[in-house]
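Novice: Can you look at this prediction? I've put the sequence above it.
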2 protein chains.
Amino acid sequence: MNFIDSKQISEFSKVYRLNLINSITGYKPANLIGSKSTKGKTNLAIFSSVVHLGSKPPLIGIITRPNTVPRDTYRNIVESSYYTINHISKNMVERAHFTSAKFSEDESEFHHCNFEEEYIKDFNAPFVKESKVKIGMQLVEEKHIDANDTILIVGEVKNIIIDKKSLEEDGSVNLGRDETVCISGLDTYYETNKISKYPYARKDNLPF
Amino acid sequence: MNFIDSKQISEFSKVYRLNLINSITGYKPANLIGSKSTKGKTNLAIFSSVVHLGSKPPLIGIITRPNTVPRDTYRNIVESSYYTINHISKNMVERAHFTSAKFSEDESEFHHCNFEEEYIKDFNAPFVKESKVKIGMQLVEEKHIDANDTILIVGEVKNIIIDKKSLEEDGSVNLGRDETVCISGLDTYYETNKISKYPYARKDNLPF
């Protein structure tokens, strides 16, 4: 095994370090965040930093860097309070990846990356029509991470749009049925195969 | 498509809501967090909330609920400042899942779930010998999420232990070679197949 220390990490080239540290945490979820400016311009950005925060109330976090790309997403969320989280399926991967190109504020990634905006009931943020699982979110709080000037955006799930067939009897989303993908690092996409599902763990039901 | 609103989510049974909201964000990384109390008792806990925060400095976040399981991990990290993040490979999945059983403070999940503690150089937290990728972490800051009383633990990567063969030329970790798995919800584990890797996205290299 190779031992890499802090000094070596800091001395790697920028690209090498970016690839290493972005892939070292394992697989990441693949989602598109949809938002809209107060001027009505829509934005769509791929995020791999979506994280479950809690179920009651249903809270989801995303990490963003307000002063760099994708700054439009951050500004839109803060200004409008509403945004959407949309799963990326296998047939959307290439288009989703290229939402990370630097489009100008006037250019919508929906248009340039061939996704269709969808508005559902009176929810004031664009969903991605092609997504199999869509979540309408409302901003709850922001947490500034001092160590590197990033922000944890905490949002509450206001609604979920999903095919009934993708919901298991116990409430779990069948990600395999929807061909939802995952990401490693900045640029690599994976499909999955289910290995196993286990019961709730108790000391008296250890299988070994 | 089925539209589920806030009211319906709040009225679901506890277990149904837990399963739904824990799986709605997509695939999650599968890691074991190793830590040690000031009394020298080791702890090992499965976490699916590990999130990349930044590469320079190299920062990783984990979400924990200090007043519920796995409270030992939180207390150990705050008291000792050091902890480890260890990837879960396919052959570790069952043992890793059952670290979530409620063992008493005096019982180490390393022992009860058949993992071997490994100490590397002078780093003051236990790594998981069986893991193919291990990260030594130091606590940097804690952020309290008011909305549900959870904590984002921000840590800096102090060292990485990895087989040289698992590092690609560009710094990326080859998660497939190590058979690293991912999680959906609270109990379902997946292996992966690589679909594609794309170049850095620019407006002038859109493939469509």
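Specialist: It's in.
Novice: Identify each buried residue in the worst-scoring helix or strand of chain A on mean pLDDT, please.
Specialist: Lowest by mean pLDDT, DSSP states H and E among the helices and strands of chain A is helix A:71-80, with a mean of 92. Buried positions in helix A:71-80, judged by neighbour count with 16 or more other C-beta atoms under 10 Å in any protein chain shown: A:72-77, A:80. (C-beta placed from N, C-alpha, C; glycine too.)
Novice: again, but for stretch A:10-18
Specialist: A:12, A:16-18.
Novice: And stretch A:106-113, by the same measure?
Specialist: Applying 16+ other C-beta under 10 Å to stretch A:106-113 flags A:108-110, A:112-113 as buried.
Novice: so of those residues, which ones are in helices?
Specialist: A:109-110, A:112 (DSSP state H).
Novice: of all those, which comes closest to chain B?
Specialist: A:His112 (7.1 Å; C-beta to the nearest C-beta).
Novice: For the residue lying closest to A:Lys121 once chain neighbours are set aside, give me its contacts.
Specialist: Distance criterion C-beta to C-beta, 6 or more residues apart in numbering or on different chains; nearest residue to A:Lys121, sequence neighbours excluded, is B:Phe3 at 7.1 Å. Residues in contact with B:Phe3 (C-beta atoms under 8 Å, 6 or more residues apart in numbering or on different chains) are A:120-121, A:159-161.
Novice: ok, now A:Glu179?
Specialist: A:89-91, A:132, A:191.
Novice: swap in A:Thr84?
Specialist: Here A:Thr84 is in contact with A:33-35, A:123, A:125-128, A:134-137 (C-beta under 8 Å, 6+ apart).
Novice: farthest pair in those?
Specialist: Taking C-beta to C-beta, the two most distant members of the contacts of A:Thr84 are A:Ile33 and A:Phe123; they sit 14.3 Å apart.
Novice: between these two, who's got more neighbours?
Specialist: Neighbours were counted for A:Ile33 and for A:Phe123 using other C-beta atoms under 10 Å in any protein chain shown; A:Ile33 has more, 28 against 20.
Novice: and the gap between that one and B:Val133?
Specialist: 28 Å (C-beta to C-beta, to the nearest Å).
Novice: Next: A:Asn159.
Specialist: Distance of A:Asn159 to B:Val133, computed by C-beta to C-beta: 37 Å.
Novice: With neighbour numbers in mind, choose between those two.
Specialist: B:Val133 (26 against 21).
Novice: Could you find the closest non-adjacent residue to the more buried one?
Specialist: B:His87 (4.2 Å).
Novice: what are the ranges of the strands in chain A?
Specialist: A:2-5, A:28-29, A:31-36, A:42-47, A:51-55, A:58-64, A:82-87, A:117-118, A:127-128, A:133-145, A:150-162, A:182-184, A:188-197 (DSSP state E).
Novice: between those strands, which one is nearest to B:Lys165?
Specialist: For B:Lys165, the closest of the strands of chain A is strand A:2-5, at 9.2 Å, according to C-beta to C-beta.
Novice: still on that earlier bit, between which two of the contacts of A:Glu179 is the distance greatest?
Specialist: A:Lys132 and A:Glu191 (13.7 Å).
Novice: Comparing those two, which shows the higher neighbour count?
Specialist: A:Lys132 (22 against 18).
Novice: Quick check: that one touching A:Gly176?
Specialist: No. A:Lys132 is beyond contact range of A:Gly176, at 11.2 Å (criterion: C-beta atoms under 8 Å).
Novice: which residues sit in contact with A:Ser49?
Specialist: Going by C-beta under 8 Å, 6+ apart, the list of residues near A:Ser49 reads A:28, A:62-64, B:51-52.
Novice: er, A:Ser172 I mean
Specialist: A:Ser172 touches B:19-20, B:23, B:184-185, B:188, counting by C-beta under 8 Å, 6+ apart.
Novice: before we move on, the earlier item: redo the contacts of A:Glu179 as CSV? Include pLDDT and distance to chain B.
Specialist: What follows is those, written out as CSV (pLDDT from 0 to 100; distance: C-beta to the nearest C-beta, whole Å):
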residue, pLDDT, distance to chain B
A:Ser89, 98, 10
A:Lys90, 97, 6
A:Asn91, 97, 10
A:Lys132, 97, 9
A:Glu191, 97, 5
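Novice: if we can go back for a sec, out of the contacts of A:Thr84, which are buried?
Specialist: Among those, those that count as buried by neighbour count (16+ other C-beta under 10 Å) are A:33-35, A:123, A:125-128, A:134-137.
Novice: Among these, which one lies nearest to chain B?
Specialist: Using C-beta to the nearest C-beta, the buried ones among the contacts of A:Thr84 come closest to chain B at A:Ile135, 6.1 Å.
Novice: what's near enough to touch that closest one?
Specialist: A:Ile135 sits in contact with A:60, A:84-86, A:157, A:159-161, B:24, where contact means C-beta under 8 Å, 6+ apart.
Novice: can I get those residues in JSON lines with pLDDT and distance to B:His144?
Specialist: JSON lines is the format used below for the contacts of A:Ile135 (pLDDT from 0 to 100; distance: C-beta to C-beta, whole Å):
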{"residue": "A:Ile60", "pLDDT": "98", "distance to B:His144": "17"}
{"residue": "A:Thr84", "pLDDT": "98", "distance to B:His144": "27"}
{"residue": "A:Ile85", "pLDDT": "98", "distance to B:His144": "23"}
{"residue": "A:Asn86", "pLDDT": "98", "distance to B:His144": "29"}
{"residue": "A:Val157", "pLDDT": "98", "distance to B:His144": "21"}
{"residue": "A:Asn159", "pLDDT": "97", "distance to B:His144": "27"}
{"residue": "A:Ile160", "pLDDT": "98", "distance to B:His144": "27"}
{"residue": "A:Ile161", "pLDDT": "98", "distance to B:His144": "32"}
{"residue": "B:Ile24", "pLDDT": "98", "distance to B:His144": "24"}
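Novice: farthest-separated two in the residues you listed?
Specialist: A:Ile60 and A:Ile161 (14.9 Å).
Novice: Any stretches of chain A with poor pLDDT?
Specialist: A:66-70 (pLDDT under 70).
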